[in-house]
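Enquirer: no sequence on this one, just coordinates:
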Ligand code: DOR
Ligand code: ZN
């Protein structure tokens, strides 16, 4: 097979950042995705529908000429989010989820939730109004090893949460473990998960063997080969509970290559090619379209895209760096060769 045609995909988990960087981040995603669920972890975070409206306007203004890229906005859940904010969000028509960051779990999560007990009324309203909860699924307790934080979250927090709110729709974002994949597979259809390209392609050796490679550092952190295999199995299984979410999370080169480097891989530009490589490696290219273009919209209750994209089996070299506002960002796999490329790119 020399090429594969797909219904145009969406990205169900994306960090676009803000300000001058939007011109590049929006263009990168709009080059292949029709829509994206946009993460709210700005500084300050997008905690209200009013803030989401102005962030959305900035994203729309940054679109390349002629682009119809549609940002699907999210709110950042805090200990103080009011149930009325959920009504405003749903009534706006442009907010499609509420993001739970356990406080301290990752980039700009300081205003996140310290204890879900503060959020029960909000979660109930979300369940009533059908607004999904998007979860960064890691505990933050200092005594829990970083490689165990997702597994412990699934046991301690996620399982009880899903039971306590039997109508709540949940997306466990960027799952990285066998444990999270099993939990989602065994849960009812109202519980779904996104999977990133890096977690399908590499394990923690890529980050730590032969030298420490900061551009492979993201959160939740890369895990073992057994986990990677479980994620590939989930993504290629045809189970509609697993769909595409890149978690593309650009940071300027200096912020990554530092004594205390930021978490995040910038995959937005070549994400589709990266996913194709992961699916092709297990002979499952025929399952890519459903994962990339069908299961996400179905979960979110949105129409499927009408456009098409074509991937060719032809090599391309990933750029060494790209502009990022006034700075530069190093794409995931910078300088390396990818096995696929988008027709016309
Ligand atoms: O690696 C990550 N980067 N994980 C996250 O959860 C946040 C993201 C970011 O915003 O940089
Ligand atoms: Zn993210």
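Expert: In hand now; what should we look at? Here the structure is a predicted model, which means the values were calculated and not measured. Ligands and ions are numbered 1, 2, ... in the order given.

Enquirer: Mind listing what's buried along stretch 330-339?
Expert: Under the neighbour-count criterion of 16 or more other C-beta atoms under 10 Å, stretch 330-339 has 330, 331, 332, 333, 334, 338, 339 buried. Quick note: C-beta positions are derived from backbone N, CA and C, even for glycine.

Enquirer: Now the element after the helix or strand containing residue 160, going C-ward?
Expert: Under the criterion of DSSP states H and E, residue 160 resides in helix 159-164. Next along the chain after helix 159-164, taking DSSP H and E as the criterion, comes strand 170-172.

Enquirer: packing partners for that following strand?
Expert: strand 133-135, helix 178-186, strand 191-195 (3 or more C-beta pairs under 8 Å, 6 or more residues apart in numbering; DSSP states H and E).

Enquirer: contacts for it?
Expert: Residues outside strand 170-172 that contact it (C-beta atoms under 8 Å, 6 or more residues apart in numbering) are 12, 97, 132-135, 137, 158, 161-162, 180, 183-184, 190-194, 245, 299.

Enquirer: repeat for stretch 120-135
Expert: 13, 37, 74, 77, 81-83, 85-87, 89-90, 95-100, 116, 158, 161, 164-173, 299-301.

Enquirer: Can you tell me which of those residues are buried?
Expert: Counted by 16+ other C-beta under 10 Å, the contacts of stretch 120-135 give 13, 37, 74, 77, 81, 83, 85-86, 89-90, 95-100, 116, 158, 161, 165, 168-173, 299-300 as buried.

Enquirer: Can you tell me the element residue 231 falls in?
Expert: Going by DSSP H and E, residue 231 is in helix 225-235.

Enquirer: And that helix, what does it pack against?
Expert: Against helix 225-235 (3+ C-beta pairs under 8 Å, 6+ apart) you get helix 178-186, strand 191-195, helix 197-201, helix 271-281.

Enquirer: Could you tell me which ranges of the chain sit under the pLDDT cut-off?
Expert: Residue ranges of the chain with pLDDT under 70: 1, 345.

Enquirer: redo that, cut-off 90
Expert: For the chain, the stretches with pLDDT under 90 are 1, 104-110, 344-345.

Enquirer: coming back round to it: quick one: distance of the helix holding residue 160 to the chain centre.
Expert: 22 Å (C-alpha atoms, centre = their mean, to the nearest Å).

Enquirer: contacting residues around that helix?
Expert: 116, 120, 123, 168, 170, 183, 187, 191.

Enquirer: Apart from its chain neighbours, what residue comes closest to the last one?
Expert: For residue 191, the nearest residue in space outside its immediate sequence neighbours is residue 170; the separation is 4.8 Å by C-beta to C-beta, 6 or more residues apart in numbering.

Enquirer: Name the residues of stretch 139-149 that come out as buried.
Expert: So, applying 16+ other C-beta under 10 Å, buried residues of stretch 139-149: 139, 140, 144, 147, 149.

Enquirer: Am I right that the second one is in a helix?
Expert: I take that to be residue 140. No: under DSSP: H, G, I helix; E, B strand; the rest coil, residue 140 sits outside any helix and is assigned coil.

Enquirer: Cool, thanks, talk later.
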